[in-house]
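Novice: any chance you could fold what I've pasted below:
(chains A, B and C)
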Amino acid sequence: MDEEIRLMKGNEAIAHAAIRYGVDGYFGYPITPQSEILETLEELMPWETTGMVVLQAESELAAINMVYGGASTGKAVMTSSSSPGVSLKQEGISYIAAGELPALIINVMRGGPGLGTIQPSQADYFQATKGGGHGDYHLIVLAPSSVQEMADFVCLGFDLAFKYRTPAMILADGIVGQMMEKVRLPKQRARRTDAEIAEQCPWAVTGRPATRKPNIMTTLELESSTMEENNRRLQATYERIRSNEVRYQEYYTDDCDYLIVAFGSIARICLKAIEEARAAGIKVGLIRPITLWPFPTEAIASMAQRVKGILTVEINAGQMVEDVRLAVNGKVPVYYYGRMGGIVPNPSEVIDALYRDFPEINPER
Amino acid sequence: MKKEIIIAGFGGQGVLSMGKILAYAGLMDDLEVSWMPSYGPEQRGGTANVTVILSDTPISSPVLDTYDVAVILNQQSLDKFESRVKPGGVLIYDPYGIHHKPTRSDITVYEVNGMDAAIDMKNSKTYNMILLGALLAIVPVVPVESVMKGLQKVLPERHHHLLPLNREAILRGMSLVNGK
Amino acid sequence: MSYEDIKKPENIVYQRPALLNGNHMHYCPGCSHGVVHKLIAEIVEEMGLQDKTIGIAPVGCAVFAYNYVDIDWIEAAHGRAPAVATAVKRLNPDRMVFTYQGDGDLAAIGTGETIHAANRGENIAIIFINNGIYGMTGGQMSPTTLEGMKTSTSPYGRRIDLNGYPLPITNLLVGLDGTCYVTRQSVHTAAAVRKTKAAIKQAFKNAMEGRGTSVVEVVSTCNSGWKMTPVQANDWMVEHMFKKYPIGDLKNTVNPAPAAHAKGVETHPKQ
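Specialist: Predicted structure coming up:
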């Protein structure tokens, strides 16, 4: 398949991109609003073309443990779910992180807590960026704001996961999962051969040739000093990721007096608000973190030297705002505006929030 | 050029697919497009709406609070979206089942009897294409040929024998407007 | 015959399989695990499958199986071995993939994974060590604990009204179209060990040939957990465990030998 421009939903784009990247296996369980990923894969039947394995598991628990098993053999494997299902996967994600295994996990977030709502949300920010499962670990967390990024981040997520031997997560919201946009799909890449896997992943559990010692994938270590070493190794990896992989996008930041920080599709709603505010002569800029972990702390800290105030907009009760405040470290006021329960703020609400928190710019004052 | 359009009605009226065909037509015309549905239980017969944006520049927000054009197919949607049409904008509605007609005078309001026309064509499934035709007659955001190309993309090949019927429905919708 | 003569290769009649390394086992004296580990090592060697075999270890006493048998292993989360094995086998269809699980792992926390992997007919072998107790965590009650059996969480004996009936999960797996071979064996006598070896060999062969899921239950002792000597534990197992979990083939659609047909069990040839 050659490069191609198509119109499709973000969820569908993930499925297409996975096949074209040369993913070896997808293991999932239906849950709204992301079931189109599994549905699209089943419809496209990649096992007939690239040889990709697609399996509807009996539960999210089984699915994430299938990912753990597949990743242990050096294969490029992934799963997807939405908030309640991702909660179920957390134990397995902790194992994958502990096993230093590359894998891609997709969360198309819906409103919680509990069974919650099927409408969009960003309320799993803490879960995704602060751990989620047990133990000291991090995921590389990518936040797409367009259908194009849904496709692109499948490739980026796997590239980073294999580069650092750590699981990556695409943390999307229901909006970007369900909306349709133009997307440029990459051309088909071949899946890696067993020989390539053996060369690139010497740790992979593939069956032991007489020439090497057994490869053992385990996360158990009862000797505390060794376990501490294992943790130090993980933390060293996270430090390298923090140094090399922070990604964010800036809009109108050259001359801005006020800054909005928002991620995912909400960043685009804020961008529309900013365009309207600028038309009224108010200089507002936007930083959109693309990696939520590692967080663009330095970029925000440096903006805090130049702006009069910062507003974060999230569809949750205020989660990323804590990381923004840590970055700003009291230099300027940091406010939060958001909606919950599956309600998405529209651009005029964002402008109202700016006027509320920074009354000096309100033209009606 | 940028058109921000909301299409709203009952689930089952073809609201989402009408928006989808419009978006595909935009794709055929090399426009930037976004299609943002309300999703979930609405698909099972409640109210359904979709925001379609066609633009020759990149689209920022797929979620809007005001619109250039509203296509309204039931009373609940009229109550919800009439006030959200931008001044100078366009509101198209089907009077079938509407008890309280639109009252705004700072927008152009078109009444399109799509339901009657669909009954006349003896095929209720042409309903959304009739409305799409009316929309294109009032706001010629894409040519009919692009819509037909878009339809060809959306419809599976086994349904391509329905293309002429859909074309007829679109033209019927256009004539409902132009005939006035 | 001198000691030097005895050591000559042509005079060796029995030796530790090469894949069973010399690591000191953490299993209690009298435990069945060591015997089954040895059988796996022997069979993998005899079948020439060392470079094709991937074992999935459980959480439970056998969590360290990978320390003793020198093949490639994945240590699974508690109960999830059949899900792990599913992906490993589907992504590597020419490999011989088996799980090694105890009764807590397979029949309690992992019941869903066990049943669904077997129901999909995953081409894997499941080795199920059933000793009716959680050994590793210090002797708690498991789903297969017999009625009246004393454990640390049923100190006055398992009560049906409180804890339900002992779960013969292997019998459930017989009824699934995805299983091709379901057998129940033991390793308390030399003859029983030979039969178990043949059963595991059959299961591994089925996995390689893509016949569906094979399940080899090994009814076992846990003399530490049962608070008995190894000999007492074997006697107790024969007297009590075998009543609830009788030894023999329950299903064999691959090699339906006359003796293989268990009473009244219908077998379903896999398509």
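
Novice: going along the chain, name the strands of the stretch 1-150 of chain A.
Specialist: Assigned by DSSP state E, counting those that start in this stretch, the stretch 1-150 of chain A shows strands spanning A:4-9, A:25-28, A:53-56, A:77-81, A:103-109, A:140-142.

Novice: helix/strand/coil for the residue of the stretch 1-150 of chain C at minimum distance from chain B?
Specialist: Closest approach between the stretch 1-150 of chain C and chain B, counting by CB to the nearest CB: C:G112, at 27.9 Å. Every residue, glycine included, has its C-beta placed from N, CA and C. Taken by DSSP: H, G, I helix; E, B strand; the rest coil, the conformation at C:G112 corresponds to helix.

Novice: which one's the longest helix in chain B?
Specialist: If each helix of chain B is counted by residues according to DSSP state H, the longest one is helix B:163-178.

Novice: picking up where we left off before, in TSV: the strands of the stretch 1-150 of chain A, plus mean neighbour count, mean pLDDT and distance to C:D94.
Specialist: Conversion of the strands of the stretch 1-150 of chain A to TSV gives the following (neighbours: other CB atoms under 10 Å in any protein chain shown; pLDDT from 0 to 100; distance: least, CB to CB, whole Å):
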stretch	mean neighbour count	mean pLDDT	distance to C:D94
strand A:4-9	18	94	34
strand A:25-28	28	98	16
strand A:53-56	20	98	14
strand A:77-81	29	98	18
strand A:103-109	29	98	23
strand A:140-142	26	98	32
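
Novice: can I get these in CSV with distance to A:Y335?
Specialist: Written out in CSV, the entries for the strands of the stretch 1-150 of chain A read as follows (distance: least, CB to CB, whole Å):
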stretch, distance to A:Y335
strand A:4-9, 33
strand A:25-28, 38
strand A:53-56, 44
strand A:77-81, 32
strand A:103-109, 23
strand A:140-142, 23
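
Novice: redo the ones you listed as CSV? Include distance to chain C.
Specialist: Listed next are the strands of the stretch 1-150 of chain A as CSV, based on distance: least, CB to the nearest CB, whole Å:
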stretch, distance to chain C
strand A:4-9, 27
strand A:25-28, 5
strand A:53-56, 5
strand A:77-81, 7
strand A:103-109, 11
strand A:140-142, 22
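
Novice: now for those, which one comes closest to B:R172?
Specialist: Comparing those by their distance to B:R172 (CB to CB), the top pick is strand A:4-9, with 26.0 Å.

Novice: centre of the chain to that closest one, how far?
Specialist: For strand A:4-9, the distance between its averaged C-alpha position and the chain's averaged C-alpha position is 21 Å (CA atoms, centre = their mean, to the nearest Å).

Novice: so what's A:P120 closest to, chain neighbours aside?
Specialist: Beyond its immediate neighbours in the sequence, the residue positioned closest to A:P120 (CB to CB, 6 or more residues apart in numbering or on different chains) is A:G174, lying 3.3 Å away.

Novice: circling back: list the contacts of the longest helix of chain B.
Specialist: B:110, B:112-114, B:117-118, B:121, B:123, B:126, B:129-138, B:144, B:147-148, B:151-152, B:155 (CB atoms under 8 Å, 6 or more residues apart in numbering or on different chains).

Novice: got a quick PyMOL command for the buried subset of those residues?
Specialist: Selecting the buried subset of the contacts of helix B:163-178 in PyMOL, with 16 or more other CB atoms under 10 Å in any protein chain shown as the burial test, is done by:
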select buried, chain B and resi 110+112+114+117+118+121+126+129+130+131+132+133+134+135+136+137+138+144+147+148+151+155
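
Novice: so which of the contacts of helix B:163-178 belong to strands?
Specialist: Judged by DSSP state E, strands contain the following of those: B:Y110.

Novice: quick one on the thing from earlier: pull the CA atoms of the longest helix of chain B into PDB?
Specialist: Backbone C-alpha positions of helix B:163-178 (Å, rounded to 0.1, in the frame of the first residue of the first chain) are rendered in PDB as follows:
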ATOM      1  CA  LEU B 163     -26.100   6.400  -7.100                       C
ATOM      2  CA  PRO B 164     -28.700   7.600  -9.800                       C
ATOM      3  CA  LEU B 165     -31.500   7.600  -7.200                       C
ATOM      4  CA  ASN B 166     -29.400   9.700  -4.800                       C
ATOM      5  CA  ARG B 167     -28.500  12.100  -7.600                       C
ATOM      6  CA  GLU B 168     -32.200  12.500  -8.400                       C
ATOM      7  CA  ALA B 169     -32.900  13.200  -4.700                       C
ATOM      8  CA  ILE B 170     -30.200  15.900  -4.500                       C
ATOM      9  CA  LEU B 171     -31.600  17.600  -7.600                       C
ATOM     10  CA  ARG B 172     -35.100  17.300  -6.200                       C
ATOM     11  CA  GLY B 173     -33.900  19.100  -3.100                       C
ATOM     12  CA  MET B 174     -32.200  21.800  -5.100                       C
ATOM     13  CA  SER B 175     -35.400  22.400  -7.100                       C
ATOM     14  CA  LEU B 176     -37.400  22.700  -3.900                       C
ATOM     15  CA  VAL B 177     -35.400  25.800  -3.100                       C
ATOM     16  CA  ASN B 178     -34.900  27.200  -6.500                       C
END
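
Novice: give me the phi and psi for C:S186.
Specialist: Listed backbone geometry of C:S186 is phi -150, psi 170, with angles given as degrees, to the nearest 10.

Novice: residues in contact with it?
Specialist: Applying CB under 8 Å, 6+ apart, we find C:S186 in contact with C:S32, C:A192, C:T196, C:V218, C:V219, C:S220, C:M237, C:F242, C:I247.

Novice: can you pull the contacts of the closest residue to chain C within the stretch 101-250 of chain A?
Specialist: When you check the stretch 101-250 of chain A against chain C by CB to the nearest CB, the closest residue turns out to be A:T218, at 3.7 Å. Under the criterion of CB under 8 Å, 6+ apart, the contact list for A:T218 reads A:G99, C:A57, C:Y66, C:W73, C:I74, C:E75.
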